[in-house]
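# fold the following for me, if possible:
(one chain, ligands or ions: 1)
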Amino acid sequence: MEFKNIVFEKNGRIAVISINRPKALNALNSETLKELDLVIDMVAEEDDIYAVVLTGAGEKAFVAGADITEMKDMKVSEGRKFGILGNRVFRKLETLEKPVIAAVNGFALGGGCELSMACDIRIASTKAKFGQPEVGLGITPGFGGTQRLPRIVGMSAAKKLIFTGNVIKAEEAFRIGLVDEVVEPEKVMEEAINLANTIAMQAPIAVKYCKAAINRGMQCDIETALMGESELFGECFATEDQKEGMTAFVEKREKSFKNK
Ligand code: DAK
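Okay, the predicted model is just below:
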């Protein structure tokens, strides 16, 4: 499938999705969000993709936010439609049954920071910058920022970032737990791909269940969460990969997972 604002590549069992509007610092307009929606569906369908890396084209930006030029003159109904579209696509990414790593190569502001937070893990370049500058534009973060940021960094650090609109460097993002690793700019993709490959070597259905157990469990009480965990743990025993993983261990041989 050909896209205008997105580049999709397959690298073994890893899918690499790049938001490709470098002249607008990869700002997310409706067209790009719709393409992202399609590409996520495509990745979801492909059984031989085990992990995904999401990045921004060019050297300057991951995503510099939702497209301000498009939003500027929106009416209430249009703003609502745009917000619903963004939230739906970001949620689809967050609940995609494959792990997604954000390779944050530059600015991750507003919707860009929110996009990185809808991913499972964030690797940042030393040049990356993060922030939710929406209040300076007269709006609230609308693609999950007020909800995912406090869940990742805690309420007080999230309020500090969102109320001030401050833009922080990668090191500060690492300190508050917003990113998981900070590496030199030329190493961001390499590190993200390495991480994706390490994950792709594990039993994919088990990884899928882990993502579901963590994501769902973090939103409910511990009793319900643990019941959900047990449920998914049990389901693993219906897979060929559980038999393969344990048999290979007992037989002291290399395992070969089949995503079955
Ligand atoms: N939208 C559109 N174009 C953008 C953009 C953006 N977010 N960010 C940058 N660009 C464009 C610039 O307009 C410029 O275009 P030309 O003038 O060359 O045509 C080009 O990218 C290069 O940018 P600069 O010339 O500004 O580059 P600098 O290095 O000087 O500055 C910067 C880089 C990232 C500091 C600066 O571009 C900047 O401050 N950009 C805006 C960052 C920002 O405020 N981001 C948050 C956007 S608000 C909603 C849900 C969600 C949202 C809204 C509503 N609903 C529920 C309805 C989300 C909102 C946001 O994300």
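
# which residue does the stretch 151-260 of the chain bring closest to the ligand?
residue 167 (7.3 Å; Cβ to the nearest ligand atom). In this view, the C-beta of every residue, glycine as well, is placed from N, C-alpha and C.

# could you say which helix or strand holds the residue nearest to residue 95 when sequence neighbours are not counted?
The shortest distance from residue 95 to any non-neighbouring residue, by Cβ to Cβ, 6 or more residues apart in numbering, is to residue 215 (6.8 Å). Element membership for residue 215, per DSSP states H and E: helix 204-217.

# any idea how far the nearest residue to the residue of the stretch 151-260 of the chain closest to the ligand once chain neighbours are set aside is from residue 63?
Once flanking residues are discounted, residue 167 sits nearest to residue 131: 3.7 Å by Cβ to Cβ, 6+ apart. Per Cβ to Cβ, to the nearest Å, residue 131 is found 12 Å from residue 63.

# quick one, which of those two is more surrounded?
Higher neighbour count among residue 131 and residue 63: residue 63, with 30 against 22, using other Cβ atoms under 10 Å.

# ok, that one to the ligand distance?
8 Å (Cβ to the nearest ligand atom, to the nearest Å).

# now do stretch 214-225, average pLDDT.
Mean pLDDT, stretch 214-225: 97.

# relative to its centroid, which residue of this protein is most remote?
Distance from the C-alpha centroid of the chain, by Cα atoms, centre = their mean, peaks at residue 251 (36.9 Å).

# mind pulling up the phi and psi values for it?
Note on residue 251: its backbone torsions stand at phi -80, psi 0 [degrees, to the nearest 10].

# equivalent analysis for residue 108, please.
Per degrees, to the nearest 10, the backbone of residue 108 is at phi -130, psi 80.

# returning to what we had before: for the residue nearest to residue 95, the count of nearby residues, please.
Per other Cβ under 10 Å, the neighbour tally for residue 215 reads 12.

# if we can go back for a sec, what helices or strands is the helix holding residue 215 leaning on?
helix 222-236, helix 240-250 (3 or more Cβ pairs under 8 Å, 6 or more residues apart in numbering; DSSP states H and E).

# quick one: the longest one to chain centroid distance?
Meaning helix 222-236. Helix 222-236 has its C-alpha centroid displaced from the chain centroid by 24 Å (Cα atoms, centre = their mean, to the nearest Å).

# show me what it is in contact with.
Around helix 222-236, the neighbours that count as contacts under Cβ atoms under 8 Å, 6 or more residues apart in numbering are 203, 205, 206, 209, 212, 213, 216, 217, 218, 220, 242.

# just the CA trace of the helix of greatest length in the chain, in CSV.
Criterion DSSP state H: the longest helix present in the chain is helix 76-94. Taking C-alpha atoms only, helix 76-94 is exported to CSV below (Å, rounded to 0.1, in the frame of the first residue of the first chain):
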residue,chain,number,x,y,z
VAL,A,76,-16.2,23.2,17.5
SER,A,77,-17.7,20.4,15.4
GLU,A,78,-14.5,20.1,13.4
GLY,A,79,-12.3,20.2,16.4
ARG,A,80,-14.3,17.5,18.0
LYS,A,81,-14.1,15.3,14.9
PHE,A,82,-10.4,15.8,14.7
GLY,A,83,-10.0,14.9,18.4
ILE,A,84,-12.1,11.8,18.0
LEU,A,85,-10.0,10.7,15.0
GLY,A,86,-6.7,11.3,16.8
ASN,A,87,-7.9,9.6,20.0
ARG,A,88,-9.2,6.6,18.1
VAL,A,89,-6.0,6.1,16.1
PHE,A,90,-3.7,6.6,19.2
ARG,A,91,-5.8,4.1,21.2
LYS,A,92,-5.6,1.6,18.3
LEU,A,93,-1.8,1.9,18.4
GLU,A,94,-1.8,1.5,22.2
